[in-house]
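Participant: quick check, what structure comes out for this input:
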Amino acid sequence: MSSPVTVERAIRSIGCIRILNINVFLDEACTKAAKAVDWGTLTPGGTSTIILYVKNTGTVGVALALRADACTPAEMVPFMTLTWDYDGSALPRGESRGVSLTLAVRPDITGVKDFSFNIIISVEEVKG
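Facilitator: This is a model prediction of the structure:
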């Protein structure tokens with residue numbers, strides 16, 4: 001009895017793992033990671049603006065969203081507004097974009113001397 005004959009064909013396969021991820025930097029070259037933001041001293045009715053650079057380190061294009069979280073003291077929340085100039089357009093993978101964030105304090109703020117909060121930048125996959 002002879003052994004059965006086996007024939008093989010190799011078919012190359014490729015793919016991409018869908019990863020949503022960003023990093024945030026203090027400089028346009030994206031070399032200095034943003035670990036904290038110092039808004040400085042604000043006056044009632046005042047604003048402070050900073051520029052951060054968001055780099056898409058994932059594998060798909062993303063859209064960004066901004067919110068503030070974990071504000072201390074909690075009494076600060078109704079007196080502050082955090083906004084940015086991000087226009088909602090897709091941030092392709094591997095690219096970075098500068099965004100200006102502005103913190104505004106209402107003129108009628110009272111009882112708050114020092115504050116802190118987390119800046120949350122989240123991503124959502126852009127289809128198409």
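
Participant: where in this protein is pLDDT low?
Facilitator: Where the chain drops to pLDDT under 70, the residues are 1, 15-16, 128.

Participant: ranges for the strands of it?
Facilitator: 22-25, 47-56, 62-72, 80-84, 96-105, 116-125 (DSSP state E).

Participant: can you redo these as CSV with distance to Ala34?
Facilitator: Any C-beta I mention is one placed from the backbone N, CA and C, and that applies to glycine too. Shown next, in CSV, are the strands of the chain (distance: least, Cβ to Cβ, whole Å):
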stretch, distance to Ala34
strand 22-25, 4
strand 47-56, 6
strand 62-72, 13
strand 80-84, 13
strand 96-105, 10
strand 116-125, 9
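
Participant: which one of the ones you listed lies closest to Arg9?
Facilitator: strand 116-125 (34.9 Å; Cβ to Cβ).

Participant: quick check: angle from that closest one to strand 96-105?
Facilitator: With axes from the mean of the first three to the mean of the last three Cα atoms, to 10 degrees applied, the angle from strand 116-125 to strand 96-105 works out at 140 degrees.
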